[in-house]
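Student: Return a 3D structure for these sequence lines:
(one chain, ligands or ions: 2)
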Amino acid sequence: MSTETKCNPDLVRERAKCTFDVNELINLFYGSEKATKERRHFEDAVLAVKELKDAIPEEYLSHKERYENGVRKATILRDVYRDYKAKHNRDPPPNQITKAVIKDISPFLLHNGMFVPTIAGQGTPEQQAEWLPKAESMQIIGTYAQTELGHGSFIRGLETIATYDPKTEEFVLNNPTLTSFKWWPGGLGSTVNHCVVVAQLYINGKSHGIHPFIAQIRDLDTHKPLPGVKVGEIGPKMGFQTANNGFLGFDNFRIPRKNMLMKNAQVLKDGTFVKGINEKLTYGTMVMVRVGIVGDCSFYAALAATIAVRYSAVRHQSHIKASEPEAQILDYLTQQHKLFIAVASSHVYRNAYLWMEKMYTNVMKELSQDKQDNLPELHATACCLKAVCSRDAGSLVEECRLACGGHGYMASSNLPLTYGVTIAAVTYEGERTVLLLQTARYLMKAWMAALKGKVLSPSVSYLLNSLKESKKPWQNTPEGIVKGFQHVSFGKVKAAYETIQKYMKQGKDYEDAWNLASVQLVKASEAHSRAILCEVSWEAVCSSSASPNLSRVLQQLAQLYLTYWTLETSGDLLLYSNITKDDLIILRDKYEELLVAIRPNAVGLVDGFDLRDEILNSTLGSYDGRVYERLMEEALKSPLNQETVNSSFHKYLKPMMEKAKL
Ligand SMILES: CCCCCCCCCCCCCCCCCCCCCCC/C=C/C(=O)SCCNC(=O)CCNC(=O)[C@H](O)C(C)(C)COP(=O)(O)OP(=O)(O)OC[C@H]1O[C@@H](n2cnc3c(N)ncnc32)[C@H](O)[C@@H]1OP(=O)(O)O
Ligand SMILES: Cc1cc2nc3c(=O)[nH]c(=O)nc-3n(C[C@H](O)[C@H](O)[C@H](O)COP(=O)(O)OP(=O)(O)OC[C@H]3O[C@@H](n4cnc5c(N)ncnc54)[C@H](O)[C@@H]3O)c2cc1C
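Tutor: Numbering: from 1, shown residues only. Ligands and ions are numbered 1, 2, ... in the order given. All right, here's what the predicted structure looks like:
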């Protein structure tokens, strides 16, 4: 980090006010002092590579140049990872330094994030032995090609066909329609030479559902598409410009039988189909990534909050009191209301991620022992937390951007790009509504089990408790609020269930009744997620090993999250819990007190995310607060500022002005 001496004096004052040890927070957030050291050490190693620095901001590059620069940097970054592993005999620690290098999304994201994990999770030991060393060492580059032009959410409806030919022991891949073309996979456009293709398996004319296959699509030497492969890039998007998303179609393209990933289901040489123990295990990579996205949401909220809080400490505008100098905008309570929830939410998502990571690891261990009992709970929880955290994180980033006024609209603030990238997670890896409806299926089952008095899985056991105990008087404590959110979820689950029953009594079949109740079902899932987020984050704060000074501030943040959402969803609480109008007034006052209490620590709290200037990549958010200098420095990099008079003056403006004289 830069030294205090060069800092904007407002930030120096803010840091002097902080009531806790920022380093303690950093170590707690990232796990330990050792983890912080290792992460910083690795970040240093990456940032020391001169070739990774961009000469001009990426926004000035063409679409093609931007991609090529992305690939260039991704390959250098990959060498740094390899060298670290060779030297330390382990992978680099979790870090976000890719953001400092690629800025947008790496064309290798899908290789590392889904291609390799799918081989590891869906391949037999022999298949892993064949593909993993090549993929991990980047001898081959891959992606995860599932979504098609016509189908993304409903994957059973995918149209890519893999027909088994027992004579040659091969699968024949075909995309018979335009809508069957793969569309979206990252890296597919011009980067990868392999992919996991999710296709409908046909043997002797019989369909056996969707399965993953490995297909080599480009020649390893020339990089030309292999015969029978039509592949390309899908064009500019809201973000993800360097992710190199692509399309792909096959025309009678043959792959060997061993290229079907057969850890779950198998196709024997003679064409016998051997079903897996659970066909949904084929969806395993998506579950893992959904868990990871909750962690990503923590990062994006932290990044936007760091930029906006530091900027708000430096920015002065208007007066709170006419007799005083212009106020730091961070002193306006409305600004604190916009920003502190982003700081608090980042901690909530982080704790939820750690909690989900544990659940994921346990279930994976159980699955390796053929125990599947807890898979539905994992799937349901990953779906709803991914859905709710990504939408909330997107809104928080946008709120942080808006909170920076006009400068937040500048690309150089890095907030527009961050919004584009964050909001994408609402759609990818399972569209929000679709995933919330998956959780709703689970909640309806849990509800029916609760009605029968059966024991429920831990994450939904509150439904049974709420059913058994009559509603107790509302308590304005964090524990009371957590209970309140559980009552809301309970009430919404019950109401959605009863709505389905009502429609069925009117003669509708279950599917139609489900559709008619689906707005309520989605809201029930959201309420369930909120109850989990509140409970998990409050428990994490209460059981943390933080010193009293830090603990006090972390509790304030967690309470801010609870109170914010109580006030945001007060209508639901009034409907489904015993909260009263008076309680809400007390909580409104409490919320304002929390904003005021957190205010002196605001800068310390975002410093506690330990995001370097290179990761923030923002004129508004750097550690030293030299906002105006940086805005001007960046503006001067515009190609339009490299010449005094642009040629368009002579070509268009002057002729226009002269014509106007006639
Ligand atoms: C070494 C060990 C270390 C361990 C450490 C542990 C770490 C863990 C954490 C890991 C973090 C890692 C970080 C990774 C992050 C990296 C990020 C990089 C990648 C970023 C990617 C960005 C690019 C985007 C890529 C994509 O978008 S890929 C395409 C994604 N597509 C989708 O998500 C499609 C969405 N649709 C679906 O999933 C399905 O169609 C559906 C679930 C909506 C419906 O499926 P289907 O129709 O088949 O099912 P039904 O509705 O009929 O339901 C039937 C029953 O099946 C259950 N079900 C469904 N899915 C699953 C599942 N996945 N698992 C289990 N069960 C499932 C339903 O619940 C139904 O059950 P029921 O009948 O009992 O009700
Ligand atoms: C940036 C980005 C990167 C991506 N990367 C990849 C990748 O690498 N590999 C890959 O395979 N895919 C990738 N995808 C595709 C992504 O997984 C899909 O876009 C996503 O799963 C949503 O599917 P869809 O586009 O078909 O949306 P749709 O399902 O068409 O959704 C459109 C609307 O229909 C609604 N809807 C659909 N079904 C239902 C239902 N059953 N009930 C109620 N409402 C419904 C949705 O709620 C939504 O409002 C990527 C997408 C993006 C945006």
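Student: Tell me which residue in the stretch 51-200 of the chain sits closest to ligand 2.
Tutor: residue 152 (2.4 Å; CB to the nearest ligand atom). (C-beta placed from N, C-alpha, C; glycine too.)
Student: Look up phi and psi at that residue.
Tutor: Torsion angles at residue 152 (phi, psi; degrees, to the nearest 10) stand at phi -130, psi -50.
Student: next helix or strand past the helix or strand hosting residue 482?
Tutor: Applying DSSP states H and E as the criterion places residue 482 in helix 478-505. Next helix or strand after helix 478-505 toward the C-terminus (DSSP H and E): helix 510-516.
Student: quick one on the thing from earlier: for the helix holding residue 482, packing partners?
Tutor: helix 432-451, helix 461-468, helix 510-516, helix 518-542, helix 548-568, helix 570-576 (3 or more CB pairs under 8 Å, 6 or more residues apart in numbering; DSSP states H and E).
Student: got TSV for those, with distance to residue 164 too?
Tutor: Output for those, formatted as TSV (distance: least, CB to CB, whole Å):
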stretch	distance to residue 164
helix 432-451	30
helix 461-468	45
helix 510-516	32
helix 518-542	38
helix 548-568	52
helix 570-576	52
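Student: now the strands for the stretch 551-662 of the chain?
Tutor: Using DSSP state E, counting those that start in this stretch, the stretch 551-662 of the chain contains no strands.
Student: Let me see the ranges of the helices in it.
Tutor: For the stretch 551-662 of the chain, helices defined by DSSP state H, counting those that start in this stretch occupy the ranges 570-576, 581-598, 602-607, 613-616, 627-635, 647-648, 654-661.
Student: tell me the mean pLDDT for the fourth one?
Tutor: Which is helix 613-616. Mean pLDDT, computed over helix 613-616, is 98.
Student: How about the residues of the stretch 401-550 of the chain by ligand 1?
Tutor: 428, 429, 430, 434, 438, 441 (CB under 6 Å from any ligand atom).
Student: Quick check: the first one is in a helix.
Tutor: No: the assignment for residue 428 is coil, going by DSSP: H, G, I helix; E, B strand; the rest coil, so no helix is present there.
Student: Verify the contact between residue 326 and residue 320 for me.
Tutor: No: between residue 326 and residue 320 there is no contact under CB atoms under 8 Å: 9.2 Å.
Student: In terms of mean pLDDT, which of the helices and strands packed on helix 478-505 ranks lowest?
Tutor: Lowest mean pLDDT of the helices and strands packed on helix 478-505: helix 461-468, a mean of 90.
Student: how about it as PDB, C-alpha atoms only?
Tutor: This file holds the C-alpha atoms of helix 461-468, laid out as PDB (Å, rounded to 0.1, in the frame of the first residue of the first chain):
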ATOM      1  CA  SER A 461     -35.400 -27.100  10.300                       C
ATOM      2  CA  TYR A 462     -36.800 -23.700  11.400                       C
ATOM      3  CA  LEU A 463     -39.900 -24.500   9.400                       C
ATOM      4  CA  LEU A 464     -40.700 -27.300  11.800                       C
ATOM      5  CA  ASN A 465     -39.800 -25.200  14.800                       C
ATOM      6  CA  SER A 466     -42.000 -22.300  13.600                       C
ATOM      7  CA  LEU A 467     -44.800 -24.800  13.000                       C
ATOM      8  CA  LYS A 468     -44.500 -26.300  16.400                       C
END
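Student: circling back: most packed of the helices and strands packed on helix 478-505?
Tutor: Counting by mean count of other CB atoms under 10 Å, helix 518-542 has the highest mean neighbour count of the helices and strands packed on helix 478-505, with a mean of 22.
Student: same for that one, what does it pack against?
Tutor: Partner elements for helix 518-542 (3+ CB pairs under 8 Å, 6+ apart): helix 333-368, helix 375-403, helix 432-451, helix 478-505, helix 548-568.
Student: Residue 480 reaches residue 474, doesn't it?
Tutor: Yes: at 6.2 Å, residue 480 and residue 474 qualify as touching, with contact defined as CB under 8 Å.
Student: Residue 635: how many residues sit nearby?
Tutor: Look at residue 635: counted by other CB atoms under 10 Å, it has 13 neighbours.
Student: pretty sure it contacts residue 629?
Tutor: No: using CB under 8 Å, residue 635 is not in contact with residue 629; the gap is 10.9 Å.
Student: domains in the protein, as residue ranges please.
Tutor: Per automatic domain parsing, the structural domains of the chain span 109-276, 467-607.
Student: and residue 659, which of the ones you listed is closest to it?
Tutor: With CB to CB as the measure, domain 109-276 is the member of the domains of the chain nearest residue 659 (35.1 Å).
Student: quick one: that closest one near ligand 1?
Tutor: Yes: using CB under 6 Å from any ligand atom as the criterion, contacts between domain 109-276 and ligand 1 involve 109, 113, 114, 144, 146, 147, 153, 154, 155, 156, 186.
Student: Please work out the average pLDDT along stretch 251-264.
Tutor: pLDDT averaged over stretch 251-264 gives 98.
Student: So which bits of that stretch are buried?
Tutor: 253, 255, 257, 258, 259, 260, 261, 262, 263, 264 (16 or more other CB atoms under 10 Å).
Student: Could you check how far the closest residue to ligand 2 within the stretch 401-550 of the chain is from residue 479?
Tutor: Residue nearest to ligand 2 within the stretch 401-550 of the chain: residue 433 (3.4 Å; CB to the nearest ligand atom). Computed with CB to CB, to the nearest Å, the distance linking residue 433 and residue 479 is 32 Å.
Student: Cross-check the contact I'm expecting between the residue of the stretch 401-550 of the chain closest to ligand 2 and residue 522.
Tutor: Yes: counting by CB under 8 Å, residue 433 touches residue 522, with 5.9 Å between them.
Student: can you pull the pLDDT of the residue most central in space within the chain?
Tutor: By CA atoms, centre = their mean, the mean C-alpha position of the chain lies nearest to residue 293, the distance being 3.4 Å. Per-residue pLDDT puts residue 293 at 98.
Student: Report the inter-axis angle for whatever helix or strand it lives in versus helix 375-403.
Tutor: Secondary structure from DSSP H and E places residue 293 in helix 284-314. Here helix 284-314 runs at an angle of 30 degrees relative to helix 375-403 (axes from the mean of the first three to the mean of the last three CA atoms, to 10 degrees).
Student: Helix 284-314 near ligand 1 anywhere?
Tutor: Yes: with CB under 6 Å from any ligand atom as the criterion, ligand 1 is reached by helix 284-314 at 286, 287, 288, 289, 291, 292.
Student: give me the number of residues near the fourth one?
Tutor: I take that to be residue 289. Using other CB under 10 Å, residue 289 is surrounded by 21 other residues.
Student: what sits against it?
Tutor: Residue 289 makes contact with 113, 114, 117, 429, according to CB atoms under 8 Å, 6 or more residues apart in numbering.
Student: who wins for proximity to residue 392 among the domains of the chain?
Tutor: Taking the domains of the chain one by one with CB to CB, domain 467-607 is closest: 8.9 Å.
Student: Could you export the helices of the stretch 551-662 of the chain as TSV, including distance to ligand 2?
Tutor: Output for these, formatted as TSV (distance: least, CB to the nearest ligand atom, whole Å):
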stretch	distance to ligand 2
helix 570-576	22
helix 581-598	32
helix 602-607	27
helix 613-616	21
helix 627-635	26
helix 647-648	34
helix 654-661	41
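Student: Right, I'll leave it there.
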